[in-house]
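take this sequence and fold it.
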Amino acid sequence: MAHSYRRRSRLGALLGAFTAAALAVGGLATTSTANAASAASTAESSTAAVPAHAVTGYWQNFNNGATVQKLADVPDAYDIVAVAFADATATPGAVDFTLDSAGLGGYTEDAFKADVKAKQAAGKSVIISIGGEKGTIQVNDAASAGNFADSVYALMQEYGFDGVDIDLENGLNSTYMSQALKSLAAKAGSGFVLTMAPQTIDMQSTSAEYFKTALAVKDILTVVNMQYYNSGSMLGCDGKVYSQGSVDFLTALACIQLEGGLDPSQVGIGTPASSSAAGSGYVAPSVVNDALDCLTKGTNCGSFKPSKTYPGLRGAMTWSTNWDASSGNAWSSAVGPHVDGL
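Next up, the predicted model:
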């Protein structure tokens with residue numbers, strides 16, 4: 001995630017690789033019996049589908065100065081809780097997860113698993129996030145794609161996770177990541193939740209590997225919550241340059257995804273929960289709400305106003321529930337009800 005200490009900023013110089021012409025969006029646009037039984041079990045364990053308008057929050061499995069939380073401490077405003085992060089193993093493409101019990105004040109695995117179930121019983125989804133700034137998972141051939149799918153599914157079975165979040169910030173191969181995600185979805189069944197958190201540079205063009213991946217798995221994709229922070233200036237869908245930290249940055253960049261092939265229900269706005277949560281790009285919760293209104297209703301826009309509205313927009317995301325708690329849950333208290341009311 002583009003979290004303050006977990007990720008490096010991408011400079012505006014990268015923008016030169018993408019021209020306004022490249023952004024012209026016109027015209028874009030089997031498991032074994034045992035696995036089938038496991039998939040049915042996994043699907044049944046998910047108590048509720050993700051709501052039409054949803055709030056996603058990342059929960060930190062480490063202590064970096066933000067409020068240390070148990071999953072049970074995460075406010076009900078969050079519909080999807082992404083556990084950050086799974087770690088790479090010595091096997092190419094494979095990941096594992098180790099609860100940082102010591103860093104989280106003695107939080108035990110049994111308590112964590114019970115909290116996952118409690119969240120699900122309350123209608124929430126809990127997923128495992130792969131990557132972060134320091135995540136170096138490489139899925140670049142058929143073997144590593146298989147290892148990825150198998151290892152993530154094993155974590156879903158062990159901890160009860162509803163799905164996976166792709167937050168790979170050090171490169172991604174669309175061919176094999178798409179293959180891995182489709183394989184994982186087949187194993188997991190109908191309750192599978194798939195989210196992504198690309199950086200702004202990754203969603204400037206449909207020819208970018210991250211964007212290509214999102215489009216390739218559109219049939220199983222829940223939401224792309226792009227990180228509208230730790231970014232240089234970027235092009236909007238109108239070909240104009242926008243600087244982070246404004247409502248226009250949120251709306252004009254979201255427009256690229258909305259017009260580039262993703263369904264509005266698959267687009268969310270990701271922002272830091274506080275100024276401490278990212279190196280740059282923080283906006284007040286009221287600005288997030290203005291952007292949501294602009295995209296869904298055509299109101300509270302800045303200088304950029306989309307040519308049409310997208311009332312089905314999924315919602316918003318924040319890094320992180322812990323930084324939100326450090327600020328008295330100011331982000332979720334403001335954005336949560338607003339998303340619910342879309």
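
now do the helix or strand containing residue 55: which elements does it pack against?
If you go by DSSP states H and E, residue 55 is part of strand 54-60. Under the contact criterion of 3 or more Cβ pairs under 8 Å, 6 or more residues apart in numbering; DSSP states H and E, strand 54-60 touches strand 80-88, strand 223-227, strand 267-272, strand 315-319, helix 321-326, helix 330-340. C-beta coordinates here come from the backbone N, C-alpha and C atoms, glycine included.

now the ones you listed as a markdown table including distance to residue 164?
Below are the helices and strands packed on strand 54-60 laid out as a markdown table (distance: least, Cβ to Cβ, whole Å):
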| stretch | distance to residue 164 |
| --- | --- |
| strand 80-88 | 8 |
| strand 223-227 | 12 |
| strand 267-272 | 16 |
| strand 315-319 | 15 |
| helix 321-326 | 18 |
| helix 330-340 | 22 |
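
out of those, deepest packed?
strand 315-319 (a mean of 30; mean count of other Cβ atoms under 10 Å).

mean confidence score for it?
Here strand 315-319 scores 98 as its mean pLDDT.

swap in stretch 203-222?
Mean predicted confidence for stretch 203-222 is 98.

the closest residue to residue 329 other than its chain neighbours: what's it in contact with?
In this structure, residue 329 finds its nearest non-sequential neighbour in residue 75, 5.6 Å apart by Cβ to Cβ, 6 or more residues apart in numbering. Neighbouring residues of residue 75 by Cβ atoms under 8 Å, 6 or more residues apart in numbering: 321, 324, 329, 332, 333, 336.

next, the angle from the strand holding residue 55 to helix 330-340.
Here the directions of strand 54-60 and helix 330-340 differ by 150 degrees (axes from the mean of the first three to the mean of the last three Cα atoms, to 10 degrees).

show me what strand 54-60 is in contact with.
Strand 54-60 is contacted from outside by 1, 3, 66, 69, 71, 74, 77-84, 129, 195, 223, 225, 268, 270, 273, 314-322, 324, 332, 335-336, 339, using Cβ under 8 Å, 6+ apart.

next one: stretch 110-127
Contact with stretch 110-127 is made by 45-48, 50, 70-72, 74, 76, 78-83, 99, 159-165, 193, 195, as judged by Cβ under 8 Å, 6+ apart.

ok, back up a step: so the residue nearest to residue 329 lies in a helix, does it not?
No: counting by DSSP: H, G, I helix; E, B strand; the rest coil, residue 75 falls outside a helix, being coil.

looking at it now. What's its pLDDT?
Residue 75 is given a pLDDT of 98.

just how off-centre is the longest helix anywhere in the chain within its chain?
Ranked by number of residues, the top helix in the chain under DSSP state H is helix 142-159. From the chain centre to the centre of helix 142-159 is a distance of 19 Å (Cα atoms, centre = their mean, to the nearest Å).

what pairs with the helix or strand following it, and is each one parallel or antiparallel?
Downstream of helix 142-159, the first helix or strand assigned by DSSP H and E is strand 163-168. Strand 163-168 has its sheet partners listed here by DSSP bridges as strand 125-132 (parallel), strand 193-196 (parallel).

other SSEs contacting the following helix or strand past the shortest one?
Per DSSP H and E, strand 193-196 leads on to helix 209-216 as the next helix or strand towards the C-terminus. Contact analysis of helix 209-216 by 3+ Cβ pairs under 8 Å, 6+ apart lists helix 174-188, strand 193-196 as its packing neighbours.

change it to 6 Å
Under the contact criterion of 3 or more Cβ pairs under 6 Å, 6 or more residues apart in numbering; DSSP states H and E, helix 209-216 touches helix 174-188.

show me the contacts for residue 222.
Residue 222 makes contacts with 50, 193, 194, 195, as judged by Cβ atoms under 6 Å, 6 or more residues apart in numbering.

and for the last one, nearest residue in space, chain neighbours not counted?
Spelled out, it's residue 195. residue 165 (4.5 Å).

pretty sure that neighbour sits against residue 81.
No: using Cβ atoms under 6 Å, residue 165 is not in contact with residue 81; the gap is 10.0 Å.

what touches both of these two?
By Cβ under 6 Å, 6+ apart, no residue touches both residue 165 and residue 81.

how far does the strand holding residue 55 sit from the chain's center?
On Cα atoms, centre = their mean, the centre of strand 54-60 falls 8 Å from that of its chain.

starting from it, tell me which strands it pairs with and how they run.
Sheet pairing of strand 54-60 (DSSP bridges) gives strand 80-88 (parallel), strand 315-319 (parallel).

pLDDT below threshold where in the stretch 51-200 of the chain?
Along the stretch 51-200 of the chain, segments meeting pLDDT under 70 span 133-135.
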